[in-house]
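K.L.:
sequence first, then the predicted structure, then my questions.
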Amino acid sequence: MLSFEEAKKIGIDACIKKLGISFVKQYSDSFCTAYGWGEKDNTVFCFAGVDDNPEEITDTKELLLTGNHNFPYRVSCNVNIINNSITYIECIVPIY
């Protein structure tokens, strides 16, 4: 059985690989991850998103994420801590 930390690492790594490691590195300034525990089904939810054209706040040059803005490229999955399986939920990846 995986620990939460082990499952989180497996899931985030899987999301990054689906997006493409070089793509994530290229847009690392607008790359984000998130994760959470799903106690009901013994899974860890993992998300990775990349924006290749982020909006900027002009006076501070910070990434601006609003309720109207989604990551155009994103992958999410659940990692089962019992059997180590990965189930992809959403995969919107760049086309090379």
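P.N.:
In hand now; what should we look at?
K.L.:
from here on, just use CA atoms for contacts and neighbour counts.
P.N.:
Will do.
K.L.:
where does this protein dip in pLDDT?
P.N.:
Low-confidence segments of the chain (pLDDT under 70): 55-69, 96.
K.L.:
and if we set it to 90?
P.N.:
Along the chain, segments meeting pLDDT under 90 span 29-30, 37-41, 52-70, 95-96.
K.L.:
show me what the longest helix belonging to the chain is in contact with.
P.N.:
Secondary structure of the chain read by DSSP state H shows that its longest helix is helix 4-19. Outside helix 4-19, the residues that touch it by CA atoms under 8 Å, 6 or more residues apart in numbering are 24, 33, 35, 37, 44-48, 73-81, 84, 86, 91-94.
K.L.:
got a list of what the residue at minimal distance from the centre of the chain touches?
P.N.:
Of all residues in the chain, the one closest to the mean position by CA atoms, centre = their mean is Ala48, 1.0 Å from it. Contacts for Ala48 (CA under 8 Å, 6+ apart) come out as 12, 15-16, 31-34, 74-76.
K.L.:
how far away is it from Asn78?
P.N.:
12 Å (CA to CA, to the nearest Å).
K.L.:
swap in Ser22?
P.N.:
23 Å.
K.L.:
give the buried residues for stretch 3-22.
P.N.:
4, 7-16, 18-20 (16 or more other CA atoms under 10 Å).
K.L.:
need those in JSON lines (columns: distance to Asp52).
P.N.:
Converted to JSON lines, the buried residues of stretch 3-22 look like this (distance: CA to CA, whole Å):
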{"residue": "Phe4", "distance to Asp52": "30"}
{"residue": "Ala7", "distance to Asp52": "27"}
{"residue": "Lys8", "distance to Asp52": "24"}
{"residue": "Lys9", "distance to Asp52": "24"}
{"residue": "Ile10", "distance to Asp52": "24"}
{"residue": "Gly11", "distance to Asp52": "22"}
{"residue": "Ile12", "distance to Asp52": "19"}
{"residue": "Asp13", "distance to Asp52": "19"}
{"residue": "Ala14", "distance to Asp52": "20"}
{"residue": "Cys15", "distance to Asp52": "16"}
{"residue": "Ile16", "distance to Asp52": "15"}
{"residue": "Lys18", "distance to Asp52": "16"}
{"residue": "Leu19", "distance to Asp52": "12"}
{"residue": "Gly20", "distance to Asp52": "13"}
